[in-house]
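J.: What follows is a predicted structure for the sequence shown.
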Amino acid sequence: MGKIATNTDIQIKILTKRGMILDYDESKIKEFLLDIGYYRLGFYWNPFEKDGNHNFVENTKFSDVIKLYYLDVDLRNILSKYLNRIEVNFRTKVVYYASNKHKDSPTWFADPSIVNREVIDKIGDYYHENFIRSNKPIKNHHKKYINDKYAPAWKTIEFFTFGTVLSIFRNLKNNEIQERISKEFGILNLSKFINLLEKVILVRNICAHGGILFDMRTPKGLSVLPDITYNNKDRSSLDSCIKVISFLIKQISVNRHEELTMEIRELFESHKENDLLKSIIENKINYVYEK
């Protein structure tokens, strides 16, 4: 869409002019356009465009665009369950090991002898009055202990984002805690562990905010691990990220790992008979179908 808003009647005419086959009743197409949005759907018909004028390749169907959209939705829903499990597990380990290591400093995340100043200087960006009011346990803590600047780590870090928890972890001065957690996730090299978690957080944020997932590419490649084989040696695709998520969840629960593998396989297999979607799954996501 350009700089002037258009209504659904005009949007339908534009799609028709560009060569899309509108294989739904007009009322249903308008329903999709008002539900999902013309602009958002554009991300899903982009793979079907053949030139810079947004004309579509021959036999492009509106129904295929919708199928790709819901493939993306299903992917986000599947991955979100397992990403949440990884996030909670990682958060728990950071809080548990650091809090027990530094029993005399319950707010160790703000202690310059325990974490680098880089983290402490930014605490005010997220630990503020609104943060206190919005999180009941934190609010109750400050009502009871009016002189405390922060609530203890086991209360506070529960409400920090995954990215913030990783930042605290990365800036711990005690490498022993970092290496222990990394090893519990099956990774001996700490820098590789952090690299992989960064990419996991990227996928997590896309899922959490309803972003476009199927054609995502990581800014930097995923670290190489002997237990992970990246398809076509591509370390930036969504499939490579799924392999990392699968590896990490396996360290937490073998059963959850098997469930994730099955759900991803069944989702992609359900679109195997559609040549257009199969091509996108293979070339955009970089998934390899079993022969």
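T.: Happy to help now that I have it.
J.: Would you state the helices of this structure in chain order?
T.: With helices called from DSSP state H, the chain shows them at 8-17, 26-35, 38-45, 62-101, 117-120, 129-134, 136-144, 153-156, 162-170, 175-184, 190-208, 238-252, 254-269, 275-280.
J.: Same list (those) but as CSV, adding mean neighbour count.
T.: C-beta here means a position set from N, CA and C on the backbone, and glycine is covered the same way. CSV is the format used below for the helices of the chain (neighbours: other C-beta atoms under 10 Å):
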stretch, mean neighbour count
helix 8-17, 14
helix 26-35, 14
helix 38-45, 17
helix 62-101, 19
helix 117-120, 14
helix 129-134, 12
helix 136-144, 13
helix 153-156, 20
helix 162-170, 20
helix 175-184, 16
helix 190-208, 19
helix 238-252, 21
helix 254-269, 15
helix 275-280, 16
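J.: got those helices as JSON lines, with mean pLDDT and distance to Thr229 columns?
T.: Supplementary listing: these in JSON lines, determined by pLDDT from 0 to 100; distance: least, C-beta to C-beta, whole Å:
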{"stretch": "helix 8-17", "mean pLDDT": "96", "distance to Thr229": "41"}
{"stretch": "helix 26-35", "mean pLDDT": "97", "distance to Thr229": "38"}
{"stretch": "helix 38-45", "mean pLDDT": "96", "distance to Thr229": "29"}
{"stretch": "helix 62-101", "mean pLDDT": "97", "distance to Thr229": "19"}
{"stretch": "helix 117-120", "mean pLDDT": "94", "distance to Thr229": "35"}
{"stretch": "helix 129-134", "mean pLDDT": "96", "distance to Thr229": "42"}
{"stretch": "helix 136-144", "mean pLDDT": "97", "distance to Thr229": "43"}
{"stretch": "helix 153-156", "mean pLDDT": "97", "distance to Thr229": "38"}
{"stretch": "helix 162-170", "mean pLDDT": "97", "distance to Thr229": "25"}
{"stretch": "helix 175-184", "mean pLDDT": "97", "distance to Thr229": "21"}
{"stretch": "helix 190-208", "mean pLDDT": "97", "distance to Thr229": "15"}
{"stretch": "helix 238-252", "mean pLDDT": "98", "distance to Thr229": "8"}
{"stretch": "helix 254-269", "mean pLDDT": "97", "distance to Thr229": "14"}
{"stretch": "helix 275-280", "mean pLDDT": "94", "distance to Thr229": "21"}
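J.: Let's have those in JSON lines, adding distance to Asn53.
T.: Shown next, in JSON lines, are these (distance: least, C-beta to C-beta, whole Å):
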{"stretch": "helix 8-17", "distance to Asn53": "10"}
{"stretch": "helix 26-35", "distance to Asn53": "21"}
{"stretch": "helix 38-45", "distance to Asn53": "13"}
{"stretch": "helix 62-101", "distance to Asn53": "18"}
{"stretch": "helix 117-120", "distance to Asn53": "48"}
{"stretch": "helix 129-134", "distance to Asn53": "47"}
{"stretch": "helix 136-144", "distance to Asn53": "53"}
{"stretch": "helix 153-156", "distance to Asn53": "53"}
{"stretch": "helix 162-170", "distance to Asn53": "39"}
{"stretch": "helix 175-184", "distance to Asn53": "50"}
{"stretch": "helix 190-208", "distance to Asn53": "29"}
{"stretch": "helix 238-252", "distance to Asn53": "28"}
{"stretch": "helix 254-269", "distance to Asn53": "32"}
{"stretch": "helix 275-280", "distance to Asn53": "20"}
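J.: Lys291: which of those is closest?
T.: Nearest to Lys291 among these is helix 254-269; the distance by C-beta to C-beta comes to 12.7 Å.
J.: Show me what the closest one is packed against.
T.: The elements that helix 254-269 packs onto, with contact taken as 3 or more C-beta pairs under 8 Å, 6 or more residues apart in numbering; DSSP states H and E, are helix 62-101, helix 238-252.
J.: I'd like the distance from the shortest one to the chain centre, please.
T.: The chain centroid and the centroid of helix 238-252 are separated by 12 Å, computed with C-alpha atoms, centre = their mean, to the nearest Å.
J.: With only the CA atoms kept, save it in CSV.
T.: Extracted in CSV, the C-alpha atoms of helix 238-252 (Å, rounded to 0.1, in the frame of the first residue of the first chain):
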residue,chain,number,x,y,z
LEU,A,238,14.3,-20.6,10.9
ASP,A,239,14.9,-24.3,10.6
SER,A,240,18.4,-23.9,12.2
CYS,A,241,16.8,-22.0,15.0
ILE,A,242,14.2,-24.7,15.5
LYS,A,243,17.1,-27.3,15.7
VAL,A,244,18.7,-25.2,18.5
ILE,A,245,15.4,-24.9,20.3
SER,A,246,14.9,-28.7,20.0
PHE,A,247,18.4,-29.3,21.3
LEU,A,248,18.0,-27.1,24.3
ILE,A,249,14.5,-28.4,25.2
LYS,A,250,16.0,-32.0,25.1
GLN,A,251,18.4,-31.0,27.9
ILE,A,252,15.3,-30.1,30.0
